[in-house]
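> Sequence first, predicted model second:
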Amino acid sequence: MPGGRLSQQERQQIASGLADGLAYAEIARQLDRPTSTVTREVMRNGGPGGYRAELAHHATERRSRQRRATTARSAEAPAQPDGRDAAAVRAYEETLTEIFIQSGLAKMMSRVLACLYISDGGSLTAADLVQRLEVSPATISKSIAFLESQELVRRVRDDRRRERYSVDNELWYQSTIASAQANVRLAEIARQGGSVLGPDSPAAVRLMNIARFLDFVSEAIFRSAEQAREVLYTKDEYTKAETVDDHG
């Protein structure tokens, strides 16, 4: 089975497979690649509906240059007290930031959120964020204000009465619930449109179908979030799992 980074030709095959409606597993079989490689490649480059081979190839080259630059910056960095590899930590922070961006957050908000999540305490002061991200206090303030409005971070005060910005397990649950509630509101508006446009019109049928879909999805999210909530507070023993190299 071939390893290493995907070639431009392989990316074109992925694009063709997606256009033909093939499943990730079938595309991977044709390439003689793991299904996970194809899945990651597509999801980090626009998803099944937006994947473009040439754009994906250029994006991967750009990420590769950024990783090399990061490694070069961190090559002479002193060892961290906890023994972590500074270059690896920085590269992971960039990967996490990119995932947040793909989920819909602006780049700066994504950088702030990633910085908070990789901190062991899960909370940092504005001064900490300014120093770590090398941006202005105003930029941090604006980013935090937005993240707070989305219930993705919270403000707390430490023993020294300093204001800190924090992420915790409960916030992840609350953010999931907020997303489901937004779907519920959208479903209500869709049903109103069905009434206004007349029950037999194509537009009304479309909106009512959307409402039913959102009702079903929201109910599933609420139920699953409640059932899985305790997982956020479960401390399992860490075991060494097989890691997958980033070849994309």
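All right, it came through fine.
> Let me see the ranges of the helices in the chain.
In the chain, the helices defined using DSSP state H lie at 8-19, 24-31, 35-43, 47-50, 53-74, 86-102, 107-118, 126-133, 137-149, 169-197, 202-228.
> Now do the buried residues in stretch 137-156.
Buried residues in stretch 137-156, counting neighbours by 16 or more other C-beta atoms under 10 Å, are found at Thr139, Ile140, Ser143, Ile144, Leu147, Leu152, Val153, Arg154. (C-beta placed from N, C-alpha, C; glycine too.)
> For those, please prepare a markdown table with the additional fields distance to Glu170.
Output for the buried residues of stretch 137-156, formatted as a markdown table (distance: C-beta to C-beta, whole Å):
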| residue | distance to Glu170 |
| --- | --- |
| Thr139 | 27 |
| Ile140 | 23 |
| Ser143 | 21 |
| Ile144 | 18 |
| Leu147 | 15 |
| Leu152 | 12 |
| Val153 | 12 |
| Arg154 | 9 |
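> any idea how far the residue lying closest to Asp215 once chain neighbours are set aside is from Gly194?
In this structure, Asp215 finds its nearest non-sequential neighbour in Ala187, 5.2 Å apart by C-beta to C-beta, 6 or more residues apart in numbering. Ala187 sits 11 Å away from Gly194, going by C-beta to C-beta, to the nearest Å.
> same thing with Ser179?
23 Å.
> quick one, which of the helices of the chain is nearest to Asp159?
Asp159 lies closest, by C-beta to C-beta, to one member of the helices of the chain: helix 126-133, at 15.8 Å.
> shouldn't Glu10 be in contact with Ala28?
No - between Glu10 and Ala28 there is no contact under C-beta atoms under 8 Å: 10.4 Å.
> Got the domain ranges for this structure?
Annotated domains of the chain cover 9-70, 77-167, 170-233 [automatic domain parsing].
> And the first one, how far out from the chain middle?
In this view, domain 9-70 has its centroid 17 Å away from the chain centroid, taken as C-alpha atoms, centre = their mean, to the nearest Å.
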